[in-house]
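>>> sequence first, then the predicted structure, then my questions.
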Amino acid sequence: MIESSIIVIPARLASTRLPGKVLADIGGRPMLQHVWQAACGAGAQRVLIATDHVQIQSVAQKFGAECLLTAANHMSGSDRIAEIVEQLELDDSQLLVNLQGDEPEMPAVCLQQVAELLAEDPQASVATLYWPITEAAELDDPSVVKVVSDQQSRALYFSRAPIPHQRGAADAQTALADGSVYKRHLGLYAYRASALRAFTAAPADALELSEGLEQLRFLGLGQTIALARAARAIPAGIDTPADLERVRKILG
């Protein structure tokens, strides 16, 4: 359950499209503070920030957050959180939630949901959420990650391509209108510490490198990923100046 989970917020200074975005001002507070406050409202055992830069650590400590320095060369948030697992010498059974540092609008109920989803499924090593895709533009957008699942709501595969494939245009339109066929993966995860240790011990495989999706490494290792529809719509993270202005109007 969320009460026994640790929420970790990976926050790096560099960003390809919006450098330094986690420190961007939103209503007089850095974006990272908004994210941290959202995490604190979920009722977790502990909330901490994992960063690659002392500037972020300094800012985080000023607003009262626990913030640990990690290596600068991590390729993903999962890698960065895996380092936290080792720094804190956590038990393999410890549950951790990965909340990205550019999601200040994350609903607390979704943080609670993903932790509980994993806690209630002893066969799963990872849990994550999805939201229905009903628009063709979203389905065809490679920046929107799609996921397909089995009848037990376990993830089978993630892709930037439209999956599952519909053989006819009319079938595709029907599937979009249905709202239960196409699923947008939301980048919110809960892991057992043991899964993160296995993740970092293994090299990236061909599928992960091809799609550019870290979660495929878990599947490649035979890990089970529990999947559920998000309890509430999760607004997109902040990647561009336009995204930042949109959130400033809401939270500013």
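That came in fine, so what should we check first?

>>> so who does Gln33 touch?
60, 63, 65 (CB atoms under 8 Å, 6 or more residues apart in numbering). C-beta here means a position set from N, CA and C on the backbone, and glycine is covered the same way.

>>> now do 7 Å
By CB atoms under 7 Å, 6 or more residues apart in numbering, Gln33 lies in contact with Phe63.

>>> sec struct for it, please.
helix (DSSP: H, G, I helix; E, B strand; the rest coil).

>>> what about it, distance to Ala119?
For Gln33, the distance to Ala119 equals 28 Å [CB to CB, to the nearest Å].

>>> same question for Leu18.
Leu18 sits 34 Å away from Ala119, going by CB to CB.

>>> what does Leu221 give?
Taking CB to CB, one finds Leu221 at 21 Å from Ala119.

>>> ok, now Ser15?
Look at Ser15 and Ala119: by CB to CB, they are 32 Å apart.

>>> and the two? Which one has more around it.
Each of Ser15 and Ala119 has its neighbours counted (other CB atoms under 10 Å); Ala119 has more, 19 against 15.

>>> thought that one was touching Leu95?
Yes. Ala119 is within contact range of Leu95, at 6.2 Å (criterion: CB atoms under 7 Å).

>>> okay, now the unreliable bits of the stretch 151-252 of the chain?
For the stretch 151-252 of the chain, applying pLDDT under 70 flags the ranges 169.

>>> helices of that one, start to end?
In the stretch 151-252 of the chain, the helices defined using DSSP state H, counting those that start in this stretch lie at 169-178, 193-201, 206-211, 215-220, 241-251.

>>> helices and strands around the second one, which ones?
Using 3 or more CB pairs under 7 Å, 6 or more residues apart in numbering; DSSP states H and E as the contact criterion, the elements in contact with helix 193-201 are helix 77-87, helix 215-220.

>>> and for the third one?
Applying 3+ CB pairs under 7 Å, 6+ apart, we find helix 206-211 packed against helix 215-220.

>>> could you pull out the strands for the chain?
Using DSSP state E, the strands assigned to the chain run over residues 6-11, 25-26, 29-30, 46-51, 66-69, 95-98, 126-132, 146-149, 155-159, 183-192, 225-229.

>>> what's the longest one in contact with?
If I follow you right, that is strand 183-192. Here strand 183-192 has contacts from 5, 92-93, 95-100, 110, 114-115, 117-118, 125-133, 138, 144-147, 158, 230, 234, using CB under 7 Å, 6+ apart.

>>> wait, Asp102 touches Ala236, no?
No. Judged on CB under 7 Å, Asp102 makes no contact with Ala236 at a distance of 9.4 Å.

>>> more neighbours: which of the two?
Asp102 (24 against 16).

>>> now do the closest residue to Pro235 other than its chain neighbours: how many residues are near it, please.
For Pro235, ignoring the flanking residues on the chain, the nearest one in space by CB to CB, 6 or more residues apart in numbering is Glu105 at 4.2 Å. Residues lying near Glu105 (other CB under 10 Å) number 17.

>>> mind listing what's buried in stretch 38-54?
The neighbour-count check on stretch 38-54 (16 or more other CB atoms under 10 Å) flags 38-39, 42-44, 47-53 as buried.

>>> which two of the residues you listed have the greatest separation?
Using CB to CB, the two most remote members of the buried residues of stretch 38-54 are Gly43 and His53, lying 28.8 Å apart.

>>> confirm for me that the residue nearest to Pro235 is in contact with Ala236.
No. Taking contacts as CB under 7 Å, Glu105 lies outside contact range of Ala236: 8.7 Å.
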